[in-house]
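S.K.: turn this into a model:
(2 chains)
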Number of protein chains: 2
Amino acid sequence: MSDTKLFTELLDFIRSETDRHLKKLDLPEEPAYLYNPIRYALAGKGKRLRPVLVHLSGRGFDADPDDLMHAGMAVELLHNFTLIHDDIMDHDDTRHGKPTVHKKYGTEAAILTGDSIFTLSQLIIGQVQSNTVQALQAFNKASLTVCEGQAYDLQFEGDATVSLDQYLDMISRKTGALLSLCAELGGILAEKSDDVCAELRSYGLNLGRAFQVQDDILEIFSDEENLGKSLESDVAADKQTILTILARKHDGWDEIKNSDADISTKRERMRSFYIETGVEARAREMSRGYIEKAKDSLSVFAGEHKKIMDQFTDFVLNRTH
Amino acid sequence: MSDTKLFTELLDFIRSETDRHLKKLDLPEEPAYLYNPIRYALAGKGKRLRPVLVHLSGRGFDADPDDLMHAGMAVELLHNFTLIHDDIMDHDDTRHGKPTVHKKYGTEAAILTGDSIFTLSQLIIGQVQSNTVQALQAFNKASLTVCEGQAYDLQFEGDATVSLDQYLDMISRKTGALLSLCAELGGILAEKSDDVCAELRSYGLNLGRAFQVQDDILEIFSDEENLGKSLESDVAADKQTILTILARKHDGWDEIKNSDADISTKRERMRSFYIETGVEARAREMSRGYIEKAKDSLSVFAGEHKKIMDQFTDFVLNRTH
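M.R.: As a prediction, the model looks like this:
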């Protein structure tokens, strides 16, 4: 079996174990108004990338497997909560090819569903046995930072003065903080030193930056059916992405951005513009740069485990969806 | 100084100390999109009844004052979070005479403001030193129960088959669970036995039931300016209250409920109907009944402190707003 095949097996196993434990959550039937949308949200076919990172990081330090499972479920629930509320705020109608929670159950139920999934995540992270309080504080500090990132994202809508630094700060919070938490939890649950935890946070933060830059690129360049899922609402809201930020400095951008062509024509024109001006290449280069930076922090892991972490890091860069 | 005067002083002191500590929360300026509405929400002139209960309960067992202050702030933040999201779900435009957060800052910012205040509450409850994990688990169990109560409230809208038992279950969750938590936290932070904590929960639960029944009555019978604040939206949404549940059994109710008279005429007619049919009297009797039940649990407190708790319990029954 090849190395890649084994790595894929490992990821699949962590993903299916996470799903199995999420299914085992003893959720009541009533009130159906609340628990039906919760079940709907959790049945989504997510990549479970965040629990995977928690397990990979924690296994590198022999953290307790029960603790890692609880932490993995908690970060996945936290992630789901942010998606549900973000989809309301961003007026997105579909996710992974299915109607978003608010589209299917209404905004009122979706707000409450997000709130409850967030609360469930608190109950589950509270069940870890090692360094419980430190894990909880890290969990909630990261949650607040994610809220700040989403606030900047909304605040920046339609603001053509937003700088590259402001964009990078926004994605560090919105996407970086959660991956940073995932990596850090591995260290916290293994009772590693503050220095090791700081290095893990740095790893996750740079991985998150790479991930988000990559996401911005995939949103417009991927041909997969479920991608470009929120492109329409993003363009409508005039969201800042790495591509729009870099494109702004080139002549002809305003014309494309402000044209009233239909969304698929606009998408084609944007693609061509990003390629011709070198914006796409520069964005890909930035993503790779953050991946390299992330890898620099992986020396906290012993040789063999470091290889797995390297592989995971490349996997995030090379994903196509 | 009279007993009543001293009691009022005590309440005022706890309230102003809570406000002082909430003001001292080191909230950043940016993103203004998030922190401006958070400041706005926390500057509200709430009664701080929930922190008062945490302090009164905990002082009866000599719990650590720092822990009580943290727990008091956390429950007040939790309460504020639920109000902000409930106001969105219930389409309420004003609270305490001021525009609601979503009315002033928009639904998107209000969702995020609620999420962040809830996260802040987690960070603060996580700072208690005694029985930290138990306090956190109680805090989040109560939060989930409050979400369930709100779900039932929304699920019951316009459903004329909702029974008295279903209504009581709904308010036990929506209002009872949080007051139950407040009383219990006093015991948890003083490291009291499970039996004492169960008695405290029972006290808070019955106090909460009395409080909500009272609230339903005040909503329509109080003449104070800021009351009847959400009557219009409640009537529009056909919300279940103790009065509508009891009134439904009497002839003539449907006519009043379904009439298209303006809101103040409708309110007058409802008042008369509730009085003539004895519905108002029965509701007040129920509220008093829960207050008496609540008092039965107060034997966990020593003599002198029990008197203060009795006084607090009567204070909740006799409030006019």
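
S.K.: would you mind measuring from A:Thr265 to A:Ser259?
M.R.: 8 Å (CB to CB, to the nearest Å). No exception for glycine: its C-beta is placed from N, CA and C like everyone else's.

S.K.: over to A:Lys141?
M.R.: 43 Å.

S.K.: more neighbours, the two?
M.R.: Legend: neighbour count by other CB atoms under 10 Å in any protein chain shown for A:Lys141 and A:Ser259, higher for A:Lys141 (18 against 11).

S.K.: pull the contacting residues for that one.
M.R.: For A:Lys141, the contacting residues are B:Leu123, by CB atoms under 8 Å, 6 or more residues apart in numbering or on different chains.

S.K.: how much space between whichever residue of the stretch 201-321 of chain A sits closest to chain B and A:Glu157?
M.R.: Using CB to the nearest CB, the single residue of the stretch 201-321 of chain A nearest to chain B is A:Ala237, 10.2 Å away. Using CB to CB, one obtains 5 Å as the distance from A:Ala237 to A:Glu157.

S.K.: and the helix or strand bottoming out on mean pLDDT in chain A, which residues are buried?
M.R.: Lowest by mean pLDDT, DSSP states H and E among the helices and strands of chain A is helix A:231-237, with a mean of 77. Neighbour-count burial for helix A:231-237, with 16 or more other CB atoms under 10 Å in any protein chain shown as criterion, is recorded at A:Leu231, A:Glu232, A:Asp234, A:Val235, A:Ala237.

S.K.: neighbouring contacts of that helix?
M.R.: Against helix A:231-237 from outside (CB under 8 Å, 6+ apart): A:Asp90, A:His91, A:Asp92, A:Asp93, A:Glu157, A:Gly158, A:Glu219, A:Ile220, A:Thr241, A:Ile263, A:Lys266, A:Arg267.

S.K.: how many other residues sit next to A:Glu304?
M.R.: Neighbours of A:Glu304 (other CB under 10 Å): 8.

S.K.: I should have written A:Arg48 there, sorry.
M.R.: 24.

S.K.: who's in contact with it?
M.R.: Shown in contact with A:Arg48 (CB under 8 Å, 6+ apart): A:Ile14, A:Arg15, A:Thr18, A:Asp19, A:Gly72, A:Glu76.

S.K.: what is the nearest of these to chain B?
M.R.: For those, the nearest to chain B is A:Glu76 (16.9 Å; CB to the nearest CB).

S.K.: what about A:Leu42, distance to chain B?
M.R.: 15 Å (CB to the nearest CB, to the nearest Å).

S.K.: gap between the least confident helix or strand of chain A and the chain center?
M.R.: Relative to its chain's centre, helix A:231-237 lies at 19 Å (CA atoms, centre = their mean, to the nearest Å).

S.K.: try stretch A:303-319
M.R.: The answer for stretch A:303-319 is 17 Å, by CA atoms, centre = their mean.

S.K.: how about A:Ile171, secondary structure?
M.R.: helix (DSSP: H, G, I helix; E, B strand; the rest coil).

S.K.: how about the residue nearest to it when sequence neighbours are not counted, what does it touch?
M.R.: With sequence-adjacent residues excluded and distances taken as CB to CB, 6 or more residues apart in numbering or on different chains, A:Ile171 is closest to A:Gln212, at 4.1 Å. Listed by CB under 8 Å, 6+ apart, the contact set of A:Gln212 reads A:Ile171, A:Lys174, A:Thr175, A:Gly176, A:Ile242.
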